[in-house]
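Trainee: fold the following, please.
(chains A and B)
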Amino acid sequence: MIDNVRKHAYRLLAFLLLLVTAGAAQAQLQIEIIDGNPSALPIAVVPFQWMEAGPPPIDTVDQIVSGDLYRSGLFDPMATEDMAEKPVDQEGIRFGTWRLMKVDYVVIGKIRTPADGQGHEIVYQLFDVHKQEAVLSRITTVGPGDLRFGAHRVADSIYEALTGVPGAFSTRIAYVTSTGLGKDQRFELVVADADGFGPQSIVGSPEPLLSPSWSPDGRKLAYVSFEQGNSAIYMQDVSTGARELLSSGKGINGAPAFSPDGRKMAMTLSRTGNPEIYIRDMATGRTQQITQHWSIDTEPAWSPDGRSVYFTSDRGGRPQIYKVPVTGGSPERVTLEGEYNARASIAPDGRKIAVAQGRGNEYRIAVWDIEAERFTVLTPGRLDESPSFAPNGSMILYATREGDRGVLSAVSADGNVRTRLILSEGDVREPAWSPVIR
Amino acid sequence: MKSAWRLTLVLIIAFTFAACKSTPEPVEAPEPVAEKPPVVETAAAPDARDYTDARNFDNPESLLSKRVIYFDFDKSTIRPEYRGIVQAHAAYLASAGSARMTLEGHADERGTREYNLGLGERRGNAVSGLMSAQGGRGNQLTVVSYGEERPTCRVSDDECWSMNRRVEIVYTAK
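Mentor: Okay, the predicted model is just below:
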């Protein structure tokens, strides 16, 4: 009896220790698919042969590639343990076997040290099982410590070869986390790989942080911080941490957005007494006001050609998306349906606009087709906001709520596949997908 | 064995405490940073309607003790029941030239964050405007919008949202 109690006590102790450890560890994003795609392409990424000296990494390249393809929702990678054969070269592939296992594509590869002895070389091939031929044969070379990045590049190439759209797996995401309440509340601006791996806080503050925006070269983030007691716009180098205060005038200093060429930044300032859109010349630091209206004008987003700026305005009564030439002029209303459309994210091809769409107390991510003048609602709500297009336009990252906490989700641009990225504690919000980093 | 038990108990208590903390609870409104006025021993309590008397900041009977103004959804109109509070503080500002206040504008979580920054500012400006009209001077008033970033309550329902749509009057000097 007593032994039994002790046994339970030990189990409970072990469980509690686990909880404590889990809480203390650096919060990591977990990713799972909520709505899958029934027509996902069956593919087998066979374990890559490790030819370097020393042991292989725990997260193997083939597993990272499989994980990326799975998350896109367009692929259904086979589990390693289900593979009847694990060929490492073309001669070892028996297409009949893979056809029996209903696999359409097979990837094989090896990892070796390049001739100069630095970094890694991933040699891989993608085969079409039905045609029995190679679709892709490539060598991806990365520096020391960049094997994970190399694996994402491999996934990008496979994705592009099979879908015709460049992959966006080797990109990064930025987001804001908030933990604690009241005086203990703490905000962090975090940068992680697009698969949620390796989250790193680049700035922390007891005061609110919001609206991260990537520079087009992916090296800098502009964001809003309340650390001085009012909103202010900062720009920070992601790798060195060096930062610059760009705007801290009276009133709101918000919604920074780099122009596609990185030479300008659109922002919201309320130094005239209410929020207007301004364009800052990054070289001279001079700003030019491009909207003038007593309403709230905010959340600027550039057209891909850099000639116009989309923004949120309630000049018609409720918030809607408008468009104005970057040189200023008369804004035209863009979104023509729905009672509340705000925070535009423009698709890389410039044809679609993702917004947070409000209807009563429900907020969902919806995409406005500029040419067809029609909305498609992509997410179920209830409080979805901050849409951010992937640089290849395939997915939209956004913030949503589960219970009373904020989590990030991604939805495919057609709305068919949703994935969820959960941080182990606190609120996660304000996602921003980086450009493609070359 | 005993120490294992003891550790378990400590962890249970610690964990329960942590779990309690994570349930939604209203956050205390920030205390005004200015010092309390010197306490003077007098027989009579201050006249609650004397808005030039700094003792009324701590007098629950007086409108000067009230420092939060609430708003309707997506609105920045000051409801009639809050005009008296603004009037009282405006009277104090008029009487104390060195007094300064920050009007912190807030929004509920619905809608986008940057738009809500604009909405919070609009509310702050509405209070600031009325405060000026009633005798406060421009150099005494600063508006800061926090948008939806500093909620007092974190539940997604009407009651909580109505608590969060507010302007807080924070004296930086009395």
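
Trainee: if I look at the residue of the stretch 251-400 of chain A found nearest chain B, what pLDDT would I see?
Mentor: Closest residue of the stretch 251-400 of chain A to chain B, CB to the nearest CB: residue A:296 (3.5 Å). For every residue, glycine as well, the C-beta is placed using N, CA and C. Looking at residue A:296, its pLDDT is 97.

Trainee: that one: neighbour count?
Mentor: Counted with other CB atoms under 10 Å in any protein chain shown, residues neighbouring residue A:296 total 27.

Trainee: grab the nearest non-local neighbour of it.
Mentor: Spatial nearest neighbour of residue A:296, chain neighbours left out: residue B:118 (3.5 Å); criterion: CB to CB, 6 or more residues apart in numbering or on different chains.

Trainee: is it true that the one you found touches residue A:275?
Mentor: Yes - the pair residue B:118 / residue A:275 is scored as a contact, 4.5 Å apart, by CB atoms under 8 Å.

Trainee: any residues in contact with both of these two?
Mentor: The contact sets of residue B:118 and residue A:275 overlap at A:252, A:268, A:296, A:298 (CB atoms under 8 Å, 6 or more residues apart in numbering or on different chains).

Trainee: got these as CSV, with secondary structure columns?
Mentor: Output for the shared contacts of residue B:118 and residue A:275, formatted as CSV (DSSP: H, G, I helix; E, B strand; the rest coil):
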residue, secondary structure
A:252, coil
A:268, strand
A:296, coil
A:298, strand
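
Trainee: which one of those is nearest residue B:73?
Mentor: residue A:296 (15.0 Å; CB to CB).

Trainee: list the contacts for that closest one?
Mentor: Each residue near residue A:296 by CB under 8 Å, 6+ apart is listed here: A:274, A:275, A:312, A:313, A:314, A:319, B:115, B:118, B:119, B:122.

Trainee: how close does it sit to residue A:129?
Mentor: For residue A:296, the distance to residue A:129 (CB to CB, to the nearest Å) stands at 56 Å.

Trainee: check residue A:180 too.
Mentor: Computed with CB to CB, the distance linking residue A:180 and residue A:129 is 52 Å.

Trainee: pairing partners for the helix or strand hosting residue A:409, with directions?
Mentor: Secondary structure assigned from DSSP states H and E places residue A:409 in strand A:405-412. Strand A:405-412 has the following sheet partners, assigned by DSSP bridges: strand A:395-402 (antiparallel), strand A:418-422 (antiparallel).

Trainee: just those strands: most buried one?
Mentor: Highest mean neighbour count of the strands paired with strand A:405-412: strand A:395-402, a mean of 22 (counted as mean count of other CB atoms under 10 Å in any protein chain shown).

Trainee: I'd like the next helix or strand past the helix or strand containing residue B:129.
Mentor: Per DSSP H and E: residue B:129 is located in helix B:113-133. Downstream of helix B:113-133, the next assigned helix or strand under DSSP H and E is strand B:141-147.

Trainee: got the contact list for residue A:350?
Mentor: So residue A:350 contacts A:303, A:304, A:305, A:370 (CB under 8 Å, 6+ apart).

Trainee: go on, residue B:108?
Mentor: B:73, B:116, B:148, B:151, B:160, B:161, B:162, B:164, B:165.

Trainee: let's have those residues in a markdown table, adding pLDDT, secondary structure and neighbour count.
Mentor: As requested, those are exported to a markdown table (pLDDT from 0 to 100; DSSP: H, G, I helix; E, B strand; the rest coil; neighbours: other CB atoms under 10 Å in any protein chain shown):
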| residue | pLDDT | secondary structure | neighbour count |
| --- | --- | --- | --- |
| B:73 | 94 | coil | 14 |
| B:116 | 98 | helix | 26 |
| B:148 | 95 | coil | 23 |
| B:151 | 92 | coil | 24 |
| B:160 | 94 | helix | 18 |
| B:161 | 96 | helix | 19 |
| B:162 | 97 | helix | 15 |
| B:164 | 97 | helix | 21 |
| B:165 | 98 | coil | 25 |
